[in-house]
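Novice: Coordinates only, no sequence provided:
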C-alpha cells in the first residue's frame, strides 16, 4: 500500500505545482479560466492531504481505500496530460481559450470515475483512525518498506546531509534500477527528473537531491554497487532477482511501467506519443529521416537519449521542444547542432562527441548571439578561435561540467585571453568538472597564470601539450579525479600532488591524432630533471585508490617504501616500458592491469615479463591482467 500511496502522492504533488504555475501566468486571468484552475487545484490539494494521511501509519488499508488511492493516481495522470497540452498550446491562441480547451480533453473522456473528495475526507478522518488502532497487521514483507521509502529516520539523515556543504558539492556518475549492471545510474537519474519524482528544495537542485536519495538506497543496501568509475563513484548496480521481480510487479500494478515481451504488455495508442516526456533510444539502429522528423513533434519531451544510435543529424526544428532539458547524442554521427537549439530555454544538459575517438560536436553560430544560460553540462564540444560561433563562457554562470574535446585558439587570437578569463570566472561560480584537450595551441600552459584558480573543482582533465604544471592544482582540496598529460610527469609533480586530501584517481596520459615529433624530447627532459627516474615519495596520497598511466613511453618508475598506502588498482598502458620497481611497497594493491602495444619491442616485452613475474610472486599477490592493444602508429 505504501507504494500505491507514494506513487499517487508524488503524481498529485507534481500536478498541484503545475496548476500553481498556470495560475501565476497571464492567460489564467482570462475570464472563467482562473476560477476553474483554482477549483481543480483545491480539489487536488484535498486529495494530496488524504494520501498524506494514508502514508503516515503502518496499517494495512481495506480494498475501498486502496481503490480510492488508485483512482486519484489515474485521474492525476490524465489531468497532468491535459494541463501539459493546455500550457503548450495556449500561447498559440491568445485570442481564445476554446482551442486549447478542446485540445485538453476533460478527465471524463478517459473513462475514469472521479472519487468523491468529501467521502474520501470523511473516511480518512473517521474510519481510517479505526483501522490504524484496531486493524494493524505486521506480516512478513519481501522488502522492508520503511527503508526504501524513507520515513522518519531517513528524513532525519537527509536533513543532516543536505546541510553538509561537502556532500552538496559531489558529482556522481550513477546507475538506476534495471538488470544486472546493464542500466546506468545516470540514465535512471535523468528519467527521474523527466518524470517529476523529485522536486527542488531550497539550496539543492533536482539532480543534487536525487543523488542524495540514490546514495541513501546504496547505504541501506537496497541497491548493491557492482562497478565503480575512476572517481570512485558508483557506475553500475544491481538488485536481487526477487527484488527486481517485486519492483516490476508493483510498478506494473501502479500503471507506472509496461514490460515489453512479458505478460504485462499493453498496447500504447499512437495519440499518446505526443505527451511523451522521456524518450530513451540508446543503441537503436536504423534511423530514417521520418524518424528524425517525428522527434520534433514530441513537444513535451524532457529527456532525449540518442546515444550510440546511427542518427546523422538532429531535426532542424528541435527548437520546438520547449520542455527539453537533457539531450544525449554521444557516440553518434551528429557533428553539429542546429541553429534552433538556442531556442531551448530549459535545456540543461547537452552531451555530444565521442570520448574514445575524440570526435567533437560543433556549436551553432547562433550561440554567439543568444547564450544558452540554462546549461549545466556541456560535453564533447570543439572551440576554435576566430569562429563566430564561439560562445562567451562568461554568460554560463550555472555551468557545472565543461568538456572540450578539441581546442584550437592561438595566443594572438583576440578570443585567447577571453577564453582563459572565462575559465577563471566560471571557476568562481559553479564549475565542478573541467576537461580540456588542447593539441594545437599553447592555452593549457596559460592556465598556470590564473590569479583566481577554480578551487571548487572535483574533476580536472588537461590533455595535450602541457609543459607547465599549474601550481594552483595543489590548492584544490575537493579534487577527487585528476588527469594530466604525460608531459608534466616529474618527481616534483608527484610530490605536489601527494598533498591533495581528496584525490581518489590520478591519471597520466598522452594521446594524439598523430605522432608528435618532440614528445620524446619532452619526456627525456622531464626524466633528466628527475635524475633519470620518476620517484613516488613516501607518505601522502591518503585517499588515492586508482593510479593510471597511458602513454607511448613509460619512463623508469620507482615506488618508495611507504608510497601510496591505499592504492588498490594500478593500470599501465604503453609501447615502451623502461621499468617499474618497488611495486611491493604498495600496501593496498589488489589489481594490476598492463596493456602493451602490438608494436612493442623485445626489451619492453622482456621487461613486462619480469614485472608480471614479480607481481605474481609478491606477498600481497595482486590480481594481474595482461592485455595487448592495436597501435595505429608505426
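Specialist: Okay, I see it. Bear in mind the structure is a predicted one, so any value in this text is a computation, not a measurement.

Novice: got the buried residues for the longest helix along the chain?
Specialist: As assigned by DSSP state H, the longest helix anywhere in the chain is helix 63-89. Buried residues in helix 63-89, defined by neighbour count with 16 or more other Cβ atoms under 10 Å: 65, 68-89. Every C-beta, even on glycine, is put in place using the N, C-alpha and C of the backbone.

Novice: Show me how this structure divides into domains.
Specialist: Domains of the chain are assigned by automatic domain parsing as 1-139, 142-267, 487-634.

Novice: all helices for the stretch 401-550 of the chain, in order.
Specialist: 414-427, 443-446, 491-497, 519-529 (DSSP state H, counting those that start in this stretch).

Novice: Need the winner for burial among these.
Specialist: helix 443-446 (a mean of 22; mean count of other Cβ atoms under 10 Å).

Novice: Could I get the average pLDDT for that helix?
Specialist: Averaging pLDDT along helix 443-446 gives 86.

Novice: Could you tell me which other helices and strands that helix packs against?
Specialist: helix 414-427, strand 433-438 (3 or more Cβ pairs under 8 Å, 6 or more residues apart in numbering; DSSP states H and E).

Novice: Kindly calculate the angle that the first one makes with strand 433-438.
Specialist: Angle, helix 414-427 to strand 433-438, by axes from the mean of the first three to the mean of the last three Cα atoms, to 10 degrees: 160 degrees.

Novice: Where does the prediction get shaky in the stretch 501-634 of the chain?
Specialist: For the stretch 501-634 of the chain, the stretches flagged by pLDDT under 70 are 512-519, 633-634.

Novice: helix/strand/coil for residue 226?
Specialist: strand (DSSP: H, G, I helix; E, B strand; the rest coil).

Novice: Report whether the expected contact of it with residue 238 is present.
Specialist: Yes: counting by Cβ atoms under 8 Å, residue 238 is a contact partner of residue 226 at 5.3 Å.

Novice: So the two - more neighbours on which side?
Specialist: Neighbour count, other Cβ atoms under 10 Å: between residue 226 and residue 238, residue 238 has more, with 20 against 13.

Novice: Residue 224 is in contact with that one, correct?
Specialist: Yes: at 5.7 Å, residue 238 and residue 224 qualify as touching, with contact defined as Cβ under 8 Å.

Novice: For this structure, give me the ranges with low pLDDT.
Specialist: Using pLDDT under 70, the flagged stretches of the chain are 1-34, 37, 51, 54-61, 86-204, 230-232, 254-274, 386-389, 512-519, 633-634.

Novice: mind redoing it with 50?
Specialist: 1-5, 28, 92-115, 117-163, 168-194, 263-266 (pLDDT under 50).

Novice: tally of neighbours for the residue nearest to residue 344 when sequence neighbours are not counted?
Specialist: Using Cβ to Cβ, 6 or more residues apart in numbering and skipping the chain neighbours, the partner closest in space to residue 344 is residue 324 (5.3 Å). Look at residue 324: counted by other Cβ under 10 Å, it has 28 neighbours.

Novice: element containing residue 324?
Specialist: Residue 324 is located outside every helix and strand, with elements delineated by DSSP states H and E.

Novice: Same check on the one 3 residues further on?
Specialist: Taking DSSP H and E as the definition, residue 327 sits inside strand 326-328.

Novice: What is the helix or strand just after that strand packed up against?
Specialist: For strand 326-328, the succeeding helix or strand toward the C-terminus, using DSSP H and E, is strand 349-351. Using 3+ Cβ pairs under 8 Å, 6+ apart as the contact test, the elements touching strand 349-351 are strand 326-328, strand 377-384.

Novice: which secondary structure elements does the shortest one contact?
Specialist: Applying 3+ Cβ pairs under 8 Å, 6+ apart, one finds that strand 326-328 makes contact with helix 185-195, strand 303-305, strand 349-351.
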